[in-house]
Structures are given as structure tokens and as C-alpha cells.
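Enquirer: Sequence and predicted structure are below.
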Amino acid sequence: MIKLVRFLKPFTWSVAAVLLLLLFQSLTDLYLPTLMSGIVDTGIVKGDTHYIVNVGGKMLFFAAVSALCMITASYLSAKIATGLGRNLRGMVFSRVESYSLNEFDRMGTASLITRTTNDINQIQQLLIIMMRMMISAPMMCIGGIIMAVSKDAVLSLVFVVVLPVIAGTILIIFRKAVPLFKAMQVNLDQLNRVLREGLTGIRVIRAFNRLEHENARFLKANSDLTDTAIRVNIIMAGLMPVMMLVMNLSSIAIVWFGGIRVDKGDMQVGDMMAFLQYAMQIMFSLIMISFMFIMIPRAEASAVRINEVLDLIPEIKDAERVKKAGDKKGFVEFKDVTFSYPGAEEPAISDISFTAGPGEVTAIIGGTGSGKSTLINLIPRFYDIDKGSILIDGVDVREMSQESLRSKIGLVPQKAVFFTGSIAANIRYGREAATDEEVRRAAEIAQATEFITGMKDGFDSVIAQGGTNVSGGQKQRLSIARALVRRPEIYVIDDALSALDFKTDASLRAALRKETACATVLIVAQRVSTVMDADRIIVMDKGKIAGIGRHRELLNTCDVYREIVVSQLSEEEIA
Ligand SMILES: Nc1ncnc2c1ncn2[C@@H]1O[C@H](COP(=O)(O)OP(=O)(O)OP(=O)(O)O)[C@@H](O)[C@H]1O
């Protein structure tokens, strides 16, 4: 948690002001019982009304100062804590956005969401309590003891019994509650994960009649969290009554022994009343300190989780000296590329070599899991390779800046992803400066105009969260339009035509060919009809290239290709 303190730097002055205000507040609070004892011993006992009014006025003044200090400190500390929360959320989000897909896979989306929201909230809450208590609780405790001893050293012996009892109770509670607080955080992660899957997978859950199963899963995660929370709360609820009991017993002891001392003339009544108040202040401050210490491990667990996010250096980052691509435009070259996913025993692709240039269509075909998507995901450098090199326009992708590399690429991912907003805004995601005319043209080429204009508000129709109000094929076409509007040098299209009917697929390919005549196109496809006209077909099999060439050539030379073709086309089509 200490590591997070550095993020308080922008609030240094406000923190200093809070601490100073609380120092004043504690001093005034410590002074008030002494003033009161004066009123009793001098004012009331001697019947000095003038003294009572005078010192009473003083008490009111100090009480007002104390209240003012506290209100201002509370306002400032809330401001600091929410400001820190805002900054931390911003930092965590931008760090997460810079992660490579490896780090995403490692952390998990649900956990990243919990860390950005709940964990940062924990830090915020602790900070508010810490700022309020850090100064005033020790001050009230130590100051209270000094003042109490100064009032009556003998009566202070009561503390010798009381304080160890309080400290022992706090310690026991502390030991029991801390592991449970840590477990609560893990339970919350689990609940978020189940919730996320339950919400995003609702169609599959319904289709497979797994509602009950999912409900049971959610119930378990929910009960786990509730059970832990209840156990924590039972322990915490025990703290207050025990403390109140100890406090009340101490009051009785103070009044009892104090009464004896007053009777003997060793102590004045006012001093005894002041002593009682100091005792209360000491014990309250101990309770506050114990709360603080119970909250610290909980927030500590959160701080560790936040630091994990912030300290995780993305594996993929720009080289210190980035190289600019040469004058060539759209040249892609794989040289003996081998890549394994972290933790995988076998490489997902190995020894891949090929080149692709502008004006050419390179199609990649192969069985499921043969490494097609992996191969093209390496072009925008979503992952770094283990061996070999990938050159774009003659420069290794690891030596280019990620921004300049990706500005050359128009990606159409396998699973179309959209953001809440209008269709036009989603197409413009490819290039913000695109004019309305360019957006319309991109949609036209992607064969999307018909369904867009058929929608109530045309290009202004809103795509629902997660793109649920457009069909799979419509999403694919919008995704292609988004890449087209970018006018990239290299099109990377991952199996994006599979949800289209044959007629739309054919007209889309014809339109694409014209539009992308000067660009390099890499397209992953399942259908032979999609790849037949390509300038180069790469046949993938178990992560390796089984053959490269044109359709006719591969029919004669590559068994894997011939098998795929035979399984999809009739004898006449093959001939
Ligand atoms: N993020 C990942 N982490 C670990 N392994 C992965 C990951 N993505 C893919 N793989 C593995 O890498 C191999 C190649 O997967 P890839 O997605 O590239 O195949 P593909 O040819 O595109 O398949 P499909 O046609 O089904 O999309 C598979 O064995 C797969 O299990």
C-alpha cells in the first residue's frame, strides 16, 4: 500500500491541511474536559457565575472551532480520496489498455473490472478513515493519557487493567477478521466472473436450458460472498459490544475509585469528571485505531491487486529507437516465424515463411485450430513471436512503433466487436476524419447499404451494447466497412465472410477486389470459393504450412488442400 502513497503527490497541500486541521481539532477536544472541570470545581462549587459564563463561552468557542476543523477536514479528505480514486482508475484503465493480449489472458476481464472498481473503492475508503484517524486517534490516545495522569496519577492505574483488555480484544478480532477480508475479495472476483458469463452468454444458456445450472452457479458464488461477509460482520459486530462493556465497566471503576478519592479529599469532583471524559476519549481512540488496523489489511489486499495491474509491464512495447517504414507500402514478409502461446507445450505456428505485396490477395485456409488466426494476429503485433521475424515494408514489427504499424492495417476480426453508438460512428471508428460520403461508400462496398438504409434511422441507427441488434452477417459487413474507411495499406481479414450467403460473399469479394486493388490483402477463409481466385493460397495444417501457391497448382501438389477442396466442391467445379 505504501507504493500507492506516491499517487497522493498531487494532493500534498490538501493532505497537509487535513492533518493540520485534525491536529487543531484534537487539541481543542483535549482541552474541553479541563475547561469543564474548572467550571465544576471553581464555578459551581464556589458559586462563581461570572466564571461559569466566561469559561462556558470559552468552551462553546473551542467546541465550534473543533466542529469547524472537523467539517473542513472531512470535506477535504473526501475530496482527496475521490480524487485519488479517479486518478487510480484512470491509470489502471490506461495501463490495461496498453496490455498485450497475453496480459489480458493472464489477468482475466472480470478480475480487471473488480480491480478498477471495488479495489479502488477500498483504497478510497481507507484513505478517508486514515486521514481522519491517523492524527486524531494517536493524539487523543496519548494526549488523553497525559491529561488523565495529570489530573490524577493514582486513578490512572485503572488504565493498567483496562488498556491490555482492549488491546487483547482488538488483537483477537484482528487475527480472525483479516483472513476473511482477504477471502471476501476473492469471492467478489468469483461473483463478477460468474455474473459476466451469465450475462454475456444468456443466449447459449437459454438455448441449452442451462438456466438452473447458471442460477446454481451464481447462487454458490453469491452465497460464498454472503457467508464470508456475514462471518466478518459477526466478528466486527462483536467488537462494539465488547468495547462498550469495557468502557462502561471502566466508567464504573473510575466513578467508584474516584468517588472514594473525592471523599477523602484527594481529588476534586470536576477533575474526576474530566478524568472520566479523558478515559472515554482514550478508549474511543483505541476503537478507532483498531478499525483502522482492521481496514488496512483489507485495503492492503486491494492495493496489491491494483499494484499488480500497474506494475505489470506490457510485454509488447515500443523499442527505444523506433524505425520508420521505408517507401515501400504494404509489403508483408514472414521469415521462419515460430510462435507459442504462454504455457502451451507446442508452438501454435512454426517455421512460417511467405511474402505478400500490394495488389495481391493472400488467402489462408486450413482446418480449425491449424493456426490461421494466430498467424494473422501476429501482423498487428498482438503477440511477440519466439523465433524468426515479421517484416512490414522491410522493417521488423518489433522495431516499428505500434501506432505506425497499426495505422497501416485495416483489421476485420473473426468476432466483430462494436461500441454503443450509431452505425456511422462505428464505421468511422476506422478513421475519425472520414466524411459522410466515405462512410457511405465503405458501406456500399461492404454490401451493407441495403440493410442500413432498411433500418429506421439509416446510418444514424444505434447499435446496441455488444451489437445485439444486428445479425452475424450484418456485423461482419459493418466490420469490413470499418476497415475500408481506414484506407489501409494492408487488409487483415480473419474469417469475416463466413456468415455471408454465397451471393453476398461473391459480390462483396468482387467489390473488395476493386477497392483494394493497390493494397495487400490477407484473408483467412473456410470456403474454397472465397480463396480460389487469390494470388496466393497458404494452406495451414497443424501450425505449419502444408503448401503455398495458386488454386490449380495446389490441387496438384498439396494433399491437404485437395482434401479441403474435395470436401466442398463438386467434381465439375473442381474440373
Ligand atoms: N489465446 C490463446 N491462448 C492459448 N492458446 C491459444 C490461444 N488462441 C489459440 N490458441 C491455440 O492455438 C492453436 C491455433 O489456434 P487458431 O485460433 O490460430 O486456429 P485457427 O486456424 O484460426 O482456427 P479456427 O479456424 O477454428 O478459427 C489452437 O490449438 C488453439 O487452441
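Expert: Structure received.

Enquirer: Domains of the protein: list them as residue ranges, please.
Expert: The record's domain parsing of the chain by automatic domain parsing lists 2-193+227-311, 321-408+489-575, 416-487.

Enquirer: Pipe those into TSV and attach mean pLDDT and mean neighbour count per row.
Expert: (Each C-beta comes from the backbone N, C-alpha and C, glycine too.) Converted to TSV, the domains of the chain look like this (pLDDT from 0 to 100; neighbours: other CB atoms under 10 Å):
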stretch	mean pLDDT	mean neighbour count
domain 2-193+227-311	87	17
domain 321-408+489-575	87	18
domain 416-487	88	19
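
Enquirer: In space, what's closest to the residue in the stretch 1-150 of the chain that the ligand sits nearest to - neighbours in sequence excluded?
Expert: Nearest to the ligand in the stretch 1-150 of the chain, going by CB to the nearest ligand atom, is Asp105, at a distance of 5.5 Å. Excluding its sequence neighbours, the residue lying closest to Asp105 (CB to CB, 6 or more residues apart in numbering) is Pro342, at 7.5 Å.

Enquirer: which residues does that neighbour contact?
Expert: Each residue near Pro342 by CB atoms under 8 Å, 6 or more residues apart in numbering is listed here: 102, 105-106.

Enquirer: what about the residue positioned nearest the centre of the chain, distance to Val186?
Expert: Nearest to the mean C-alpha position of the chain, counting by CA atoms, centre = their mean, stands Thr116 at 3.0 Å. Using CB to CB, to the nearest Å, Thr116 is found at 17 Å from Val186.

Enquirer: One more: Asp495?
Expert: Distance of Asp495 to Val186, given as CB to CB: 37 Å.

Enquirer: go on, Thr435?
Expert: Taking CB to CB, one finds Thr435 at 51 Å from Val186.

Enquirer: Ala464 touches Thr420, doesn't it?
Expert: Yes: between Ala464 and Thr420 there is a contact under CB atoms under 8 Å: 7.1 Å.

Enquirer: next SSE after the biggest helix by length in the chain?
Expert: The residue-count maximum for a helix in the chain (DSSP state H) belongs to helix 211-264. Moving toward the C-terminus from helix 211-264, the next helix or strand (DSSP states H and E) is helix 269-311.

Enquirer: who touches the closest residue to Val528 other than its chain neighbours in this structure?
Expert: Once flanking residues are discounted, Val528 sits nearest to Gln568: 4.7 Å by CB to CB, 6+ apart. Counting by CB under 8 Å, 6+ apart, Gln568 touches 527-529.

Enquirer: May I ask which helix or strand encompasses Met70?
Expert: helix 49-97.

Enquirer: That should have said Phe159, apologies.
Expert: helix 157-200.

Enquirer: Next, the angle helix 211-264 makes with that helix.
Expert: Helix 157-200 runs at 170 degrees relative to helix 211-264, counting by axes from the mean of the first three to the mean of the last three CA atoms, to 10 degrees.

Enquirer: avg pLDDT for the helix or strand just after helix 157-200?
Expert: Next helix or strand after helix 157-200 toward the C-terminus (DSSP H and E): helix 202-207. Here helix 202-207 scores 87 as its mean pLDDT.

Enquirer: contact partners of helix 202-207?
Expert: So helix 202-207 is contacted by 198, 210-211, 214 (CB under 8 Å, 6+ apart).

Enquirer: surely Met272 meets Phe257?
Expert: No: between Met272 and Phe257 there is no contact under CB under 8 Å: 9.3 Å.

Enquirer: which neighbours do the two share?
Expert: Common neighbours of Met272 and Phe257, counting by CB under 8 Å, 6+ apart, are Leu155.

Enquirer: So which of the contacts of Gln568 are in strands?
Expert: Per DSSP state E, strands hold no members of the contacts of Gln568.

Enquirer: and the residues you listed as CSV, adding distance to the ligand?
Expert: Output for those, formatted as CSV (distance: CB to the nearest ligand atom, whole Å):
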residue, distance to the ligand
Arg527, 12
Val528, 14
Ser529, 17
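
Enquirer: So which of those sit within helices?
Expert: Counting by DSSP H, the part of the contacts of Gln568 found in helices is 528-529.
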